[in-house]
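Undergrad: need the 3D shape of this:
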Amino acid sequence: MTGELAFFEIGVGDADRGRAFYEGLFGWRFETGPSGGGWSIGTPTIPGGMHGGDAGASIYAFFRVADMEAALARVRELGGTVDDMDVEGDESSVARFGRFKLCRDDQGSPFGLHQPPA
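TA: Numbers count the residues shown, from 1 in each chain. Have a look, this model is predicted:
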């Protein structure tokens, strides 16, 4: 459903250490992430990811959209911005995990959009 929380991403300094922490804390299931970098996280409800090299980062929340291009256009129409950074990876990652885009609302607060794989 459009607008529901669809995915979360945790940035940590060291992805292996982060895995050990959250696996020990919550019992989450971890698999190798897109393109072999970081981890894909299986939780009881919402899937997630973890990447390294981002110590002290805020957790990114991604909201589901049916049409990424239309949603990005709407973000801009409402005064928000779209980050140019590619968080999607290669074509096989997009096929497996879907499309992701980081945005900011009209006051500068960060959030993400996620279009699930076809």
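Undergrad: and Gly3, that's in a helix?
TA: No - judged by DSSP: H, G, I helix; E, B strand; the rest coil, Gly3 forms no part of a helix; its state is coil.
Undergrad: and the residue found closest to Arg64 once you drop the neighbours it is linked to in the chain, how far is that from Phe111?
TA: Excluding the flanking residues, the one nearest Arg64 by C-beta to C-beta, 6 or more residues apart in numbering is Ala6, at 3.6 Å. Yep, even glycine has a C-beta here, placed from its N, CA and C like the rest. Noted for Ala6: a distance of 11 Å to Phe111, by C-beta to C-beta, to the nearest Å.
Undergrad: overlap in contacts, these two.
TA: Phe62, Phe63 (C-beta atoms under 8 Å, 6 or more residues apart in numbering).
Undergrad: so if I had to pick from these two, which one is more boxed in?
TA: Per other C-beta atoms under 10 Å, whichever of Ala6 and Phe111 has more neighbours is Ala6, with 21 against 15.
Undergrad: what about the helices in this structure?
TA: Assigned by DSSP state H, the chain shows helices spanning 15-26, 68-77, 91-97.
Undergrad: in TSV: the ones you listed, plus mean pLDDT, mean neighbour count and distance to Gly33.
TA: Shown next, in TSV, are those (pLDDT from 0 to 100; neighbours: other C-beta atoms under 10 Å; distance: least, C-beta to C-beta, whole Å):
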stretch	mean pLDDT	mean neighbour count	distance to Gly33
helix 15-26	93	14	8
helix 68-77	95	14	20
helix 91-97	80	14	8
